[in-house]
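Chemist: got a sequence here, can you model it:
(one chain, ligands or ions: 3)
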Amino acid sequence: MSIKNHILGFPRIGLKRELKFAQEKYWSGQCSLEKLLKVGRNIRKNNWKIQKENNLNFLTVGDFSWYDHVLTTSMMLGNIPKRHMSFNKKLTLDILFNVARGTKSTNETNGHASEMTKWFNTNYHYIVPEFYKDQNFSFSWKQILEEIDEAREFNLPIKVVLLSPVTYLWLGKVKGHRFNKLKLLPDLIKIYQKIFKEIQKKNITWIQIDEPILAFDLDESWKEAIYYTYKKFESFSKILLTTYFGSVLHNIKLISKLNIDGLHIDIVSEEPDLMILKKYIKPKCILSLGVINGRNIWRSDLFFWFNYIKKFLKFKKEIWISSSCSLLHVPIDLSLENNLKSSIKEWFSFAVQKCFEISLLTQAVNNKISSTQLIEWIKPLKKRKLSTLVHNSTTQLRIKKITQNLSITKRLNSYSIRQKIQQKLFNLPLLPLTTIGSFPQTEKIRKLRLDFKNQIITQNEYYTEIKKYIKYAISEQEKLDLDVLVHGEPERNDMVEYFSEYLEGFVFTEYGWVQSYGSRCVKPPIIIGDISRITPITIFWTKYAQSLTRKPVKGMLTGPVTILCWSFPREDLPYDIIAKQIACAIMDEVRELENSGINIIQIDEPALREGLPLRKSKHKQYLEWATEAFRLCTLNIKDSTQIHTHMCYCEFQDIMPSIVALDADVITIETSRSDIELLKFFKKFKYPNSIGPGVYDIHTPEIPKMQNIYKLLSQSLKNISHTKLWVNPDCGLKTRTWTETLLSLKNMVIAVKMLRKKIK
Ligand SMILES: Nc1nc2c(c(=O)[nH]1)N[C@@H](CNc1ccc(C(=O)N[C@@H](CCC(=O)N[C@@H](CCC(=O)N[C@@H](CCC(=O)O)C(=O)O)C(=O)O)C(=O)O)cc1)CN2
Ligand code: MET
Ligand SMILES: [Zn+2]
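Modeler: Ligands and ions are numbered 1, 2, ... in the order given. Predicted coordinates for the structure are as follows:
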C-alpha cells in the first residue's frame, strides 16, 4: 500500500498579500465586491495549484476565509449577533465584515464588533463566537459547498476541512443570561449533519474535523461532549479527527472510543509514545502524522523523519504524511526572497517548500526515490551548526552568569515605596491619562519608509520627516492634555521586527507575511543565532520626543517574551535561554534610556499569555522563565524609574500570579472588548500595583462615546483604588486614522476630567 499525504491548510492571504489589499480597498469603497471575490478565487486556485504541483494526494478545501475561519464557521452555522443582522436575515459578506470590524449606525445595522482573541498559543486572532440562551442555528452560509465546486477543476480527491462543533463551542463566549454553552451542542450537531449530507452529495470521502482542544486538559463534561459528537457523526463521510499544537496522548482513551476513520496528530510539538498509540489506535484507523512543522520556518530534517516513519510502519501500515498544523502560521514562498544570503536561505522552508518536503518524504517512504536525496536536502542544516553567524561566546557567557543568580532580578524596593518616590518625581494627577505607544501609521509614513528602504530618499530626509511626525504627535497629545506622552512609534514597521533589526542574531524576509487578524499581517523575524544589542535602538527618538515637552515621555520597548513569541525561533536552543538573551539586549536599552533621563519606560509583553503551554503541567515552568526574562530587563534600575507594561487580546485570568510577579509599576491592559470582566480578577488577586484598563477598543473605527468611557471607569473604580487607576485606550493606535484617534482620545479626556472632579 502506498502512503498518502496532505496538508491541514494553506495560508490564504495571497503570495504578496493580495487579499489584504483588496479587502482594505473594498472597505474604503475603492474596490467592487466582484473584484474582491475574484481575488479570493484566484488565491484559492493558486493554493490548490501548489498542492497539485507537489503531488499531494488531496486538495484541502475549506481553509480559505474572508477574515477568520472561526467567523466563517459562525456564518456557516447562522450564528451572527442580532446587532449585525439585516432586516431580511440574509447573510452577506458585509455582515461578516461587520461582525469583525463593528458597524457605524445606519438604518441597516448598528453594532460593536465581536471580541477578538488569540487562536490557542499562536499570534493569529479569531473572532469570538457569541452564544445566547435560546440560540438557533441553521446552515446559512454555503461557502464550503461553493469552494468544493471550484476545486473540482483540479481533478484530484478533495478533503474538506471543518472546525468541530465542540471546539467551536469551546472558543465562544456566553453573552446575556448565563447558561452552560454545551447545552447548544445537540442543535449544532444537527446542523453539522445537514452540512455533511450536502458535502456527501458532492462525493467527498474525507472530512477533516479540526478538534485542537484535544491538546488541552479537558474536564469530564467536555470529554463527554466529544464522545457524544462523534457518536452522532458516525454514519457520514470518513472523518479525520484532527488535532494540533500539542500531544493528545493524555486524551487517548477518549479518542480510542470515538468512531473515526482517521486521526491526525502533531508530532513536531511533542513526539508521541509509540507504544501508547499502538495500544489505543484501532488497526483500521488511519494515522496522519504531522511531521512537517507548520509553526516554524526551518528546513525539515527529512532523513530523521524518514527513519521515524519507517519505524512507525512496523506497527502501523495505514499512515498519511502531513504538516503538524495548518500552514497558516508560516510565510508562503521562500523563492520570493531576494535579499537573504543563499547560504542562509537554504536553512528555511516556507509553506510552498513545506508542501515539497511532504512530497519528497512521501516518495522516499514509498521507495520512489532514494533516501540519499533526503540526506542531500538536510546538508545546509548540518552546515549551519558550524556557522559563525550562530555562535557568540560573549552572549553565552553573559547568560551563563545571569542564570546562576536570578534572584537578583527583583526591584530594589516594593511598589508601595516606589509609588511614593515616583509620585514625588512626576506629580501626576489622579487617573493619569496616557496611550499605549503607537499613533496612526499613515500611508504617508509607510510610503516614506518604503522609499527610504529602496534608497529613493536619504536617511537624512527620512529622519527629518519622522521627526516632524513625532513633533505633531507630541503637540496633539499636549493639546489633548494627556499626562504621560509617547513619541508615537512612527519609525517602526512593527514592534517586533523593528527591534530585531537592531539585534545581532536575527534575519528578515521581504515577503514573509503571516496573517495576524483579518487583513492585518506581520512579518516575523527569524532568530538564527545568539542575540545581542549592537547599537542603541530607541534612544535617539525618545530623547528627541522628550526635548519637545515638559511632560514625561514614556520610552517604548518590546519585551523579550514577545520578541521571542512573534519571531521564528531557532530550534537548537531552549526558549528560556533565547528569551534571556533578548532580555539582556533590552536591559542594555533600558539602562541607556534611564541614563538619558527617560524616567518612564514601557516594556510591552502582549504575547506573554500567548506563550503559555496548553497543558497545565507545563505552565509553572514557562511562567517562571517568562517573568524572569521580563524582570531581567529592569535589573538594577532606580526606584524612581517607572516601569509600565502592556498586554492585550488574551485571557489573563489563569496567569494572574505571574502578572503580579512581573512587578511592573503600571500595567495597561486590554479590557474593553471583554466588558471589563477582567478587573474583577485583579481585585480578587489583590493586584498590588497600578492598572490602566483599556477604556475603548482600538481595533474598530467606531468613536467611543464619552458616557461609555465614563461608565467603564466608574465600574473600574469599584475594583481598583483611585490611587492606582490609569486611563488609556486598550492598545496602540497604529491601525486608526488621525481623525478617529483625536476624536476618541478627546472623549477619553473629557470623561476623566469629569470623574476627577467627582473623586476630589
Ligand atoms: N508582530 C506583531 N504581532 C502582533 C501585533 C503587532 O503589533 N506586531 N499586534 C497584535 C496584532 N495586531 C496587529 C495590528 C496591526 C498590524 C499591521 O498593521 N500590520 C501591517 C504591516 C505592518 C508593517 O510591518 N508595515 C511595514 C511594511 C509596510 C508595507 O507593507 N509596505 C508595502 C507598501 C506600502 C503599502 O502600500 O502599505 C510594501 O512594502 O510592499 C512598514 O510600516 O514599514 C499590515 O498588515 O498592513 C498587524 C498586527 C498582536 N500581534
Ligand atoms: C500589540 S501591543 C502594541 C503595543 C505598542 N506599544 C503599540 O502601541 O502599538
Ligand atoms: Zn496591545
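Chemist: so which bits of the stretch 551-700 of the chain are right by ligand 1?
Modeler: Trp566, Pro606 (Cβ under 6 Å from any ligand atom). Just so you know, the C-beta spots here come from the backbone N, C-alpha and C atoms, and that holds for glycine as well.
Chemist: repeat the analysis, applying 5 Å as the threshold.
Modeler: Counting by Cβ under 5 Å from any ligand atom, the stretch 551-700 of the chain comes close to ligand 1 at Trp566.
Chemist: show the contacting residues for the residue in the stretch 551-700 of the chain positioned nearest to ligand 2.
Modeler: The nearest approach of the stretch 551-700 of the chain to ligand 2 comes at Pro606, 4.1 Å away (Cβ to the nearest ligand atom). Taking Cβ atoms under 8 Å, 6 or more residues apart in numbering as the criterion, Pro606 is in contact with Thr562, His646, Met647, Cys648, Tyr649, Cys650, Cys731.
Chemist: could you do Ser221 as well?
Modeler: Taking Cβ under 8 Å, 6+ apart as the definition of contact, the neighbours of Ser221 are Asn180, Leu182.
Chemist: by mean pLDDT, point me to the weakest helix or strand of this protein.
Modeler: Across the helices and strands of the chain, mean confidence by mean pLDDT, DSSP states H and E is lowest for helix 678-684: a mean of 82.
Chemist: other SSEs contacting that helix?
Modeler: In this structure, helix 678-684 packs against helix 656-662, strand 690-693, helix 706-719, with contacts taken as 3 or more Cβ pairs under 8 Å, 6 or more residues apart in numbering; DSSP states H and E.
Chemist: what residues of the last one count as buried?
Modeler: Applying a neighbour-count criterion of 16 or more other Cβ atoms under 10 Å, the buried positions in helix 706-719 are Met706, Ile709, Tyr710, Leu712, Leu713, Ser716, Leu717, Asn719.
Chemist: and which of those residues is nearest to Phe315?
Modeler: Taking Cβ to Cβ as the measure, Phe315 sits nearest to Asn719 out of the buried residues of helix 706-719, at 55.9 Å.
Chemist: the closest one contacts Leu679, correct?
Modeler: Yes: at 4.1 Å, Asn719 and Leu679 qualify as touching, with contact defined as Cβ atoms under 8 Å.
Chemist: just to revisit the earlier point, JSON lines for the helices and strands packed on helix 678-684, including mean pLDDT and distance to Ile80?
Modeler: As requested, the helices and strands packed on helix 678-684 are exported to JSON lines (pLDDT from 0 to 100; distance: least, Cβ to Cβ, whole Å):
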{"stretch": "helix 656-662", "mean pLDDT": "93", "distance to Ile80": "33"}
{"stretch": "strand 690-693", "mean pLDDT": "95", "distance to Ile80": "28"}
{"stretch": "helix 706-719", "mean pLDDT": "93", "distance to Ile80": "23"}
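Chemist: turn the ones you listed into TSV, columns for distance to ligand 3.
Modeler: Converted to TSV, those look like this (distance: least, Cβ to the ion, whole Å):
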stretch	distance to ligand 3
helix 656-662	15
strand 690-693	12
helix 706-719	17
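Chemist: where does pLDDT dip in the stretch 401-550 of the chain?
Modeler: Counting by pLDDT under 70, the stretch 401-550 of the chain contains low-confidence ranges at 406-407.
Chemist: count of neighbours near Lys142?
Modeler: Other residues within reach of Lys142 by the criterion other Cβ atoms under 10 Å amount to 14.
Chemist: got any ranges where the stretch 1-150 of the chain has weak pLDDT?
Modeler: Within the stretch 1-150 of the chain, the set of residues satisfying pLDDT under 70 comprises 104-110.
Chemist: swap in 90 and give it another go.
Modeler: 1-2, 85-89, 102-112, 115-117, 134 (pLDDT under 90).
Chemist: hey, where'd the helices end up in it?
Modeler: Residue ranges of the helices in the stretch 1-150 of the chain, as given by DSSP state H, counting those that start in this stretch, are 18-27, 33-53, 69-76, 93-101, 143-151.
Chemist: can I get those helices in a markdown table including mean neighbour count and distance to Gln396?
Modeler: Converted to a markdown table, those look like this (neighbours: other Cβ atoms under 10 Å; distance: least, Cβ to Cβ, whole Å):
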| stretch | mean neighbour count | distance to Gln396 |
| --- | --- | --- |
| helix 18-27 | 18 | 40 |
| helix 33-53 | 16 | 40 |
| helix 69-76 | 25 | 42 |
| helix 93-101 | 22 | 45 |
| helix 143-151 | 18 | 50 |
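Chemist: do you know which of the ones you listed lies nearest ligand 1?
Modeler: From the helices of the stretch 1-150 of the chain, taking Cβ to the nearest ligand atom, the stretch that ends up closest is helix 18-27, at 5.9 Å.
Chemist: residues in contact with that closest one?
Modeler: For helix 18-27, the surrounding residues in contact (Cβ under 8 Å, 6+ apart) are 12-14, 31-33, 35-36, 39-40, 42-43, 66-67, 97, 101, 518-521.
Chemist: if you set the cut-off to 10 Å instead, what comes out?
Modeler: The set of residues that contact helix 18-27 without belonging to it, under Cβ atoms under 10 Å, 6 or more residues apart in numbering, is 11-14, 17, 30-33, 35-40, 42-43, 46, 64-67, 93-94, 97, 101, 513, 515, 518-521, 701.
Chemist: ligand 2 next: which of these are close?
Modeler: Near ligand 2, by the rule Cβ under 5 Å from any ligand atom, you find none of the contacts of helix 18-27.
Chemist: smallest gap between the stretch 51-200 of the chain and ligand 2, at which residue?
Modeler: Asn123 (9.8 Å).
Chemist: phi and psi next, for the residue most central in space within the chain.
Modeler: The central residue of the chain, meaning the one whose C-alpha is nearest the mean C-alpha position (Cα atoms, centre = their mean), is Asn123 at 1.3 Å. Taking degrees, to the nearest 10, you get phi -90, psi 20 for the backbone angles of Asn123.
Chemist: so what's it up against?
Modeler: Contacts for Asn123 were tallied using Cβ under 10 Å, 6+ apart; they are 329, 496, 514-517, 522, 524, 562, 565-567, 606-607, 610, 649.
Chemist: ditto for Leu241
Modeler: For Leu241, counting by Cβ under 10 Å, 6+ apart, the contacting residues are 164, 207-211, 214, 226, 230, 233, 248, 255, 258-265, 285, 288.
Chemist: now swap in Arg492 and tell me
Modeler: The neighbourhood of Arg492, defined by Cβ under 10 Å, 6+ apart, consists of 437-438, 441, 445, 449, 466, 498-499, 501, 537-538, 541, 556, 558, 732, 734.
Chemist: are any of the contacts of Leu241 buried, and which?
Modeler: Of the members of the contacts of Leu241, the ones counted as buried by neighbours, 16+ other Cβ under 10 Å, are 164, 207-211, 214, 226, 230, 233, 248, 255, 258, 260-265, 285, 288.
Chemist: from ligand 3, how far off is the nearest residue to Gln653 once chain neighbours are set aside?
Modeler: With Cβ to Cβ, 6 or more residues apart in numbering as the criterion, Gln653 has its nearest non-adjacent residue at 5.2 Å, and that residue is Phe681. Taking Cβ to the ion, to the nearest Å as the measure, Phe681 falls 18 Å from ligand 3.
Chemist: hang on, Phe681 packs against Ile720?
Modeler: No: under the criterion of Cβ atoms under 10 Å, Phe681 lies out of contact with Ile720, with a separation of 11.4 Å.
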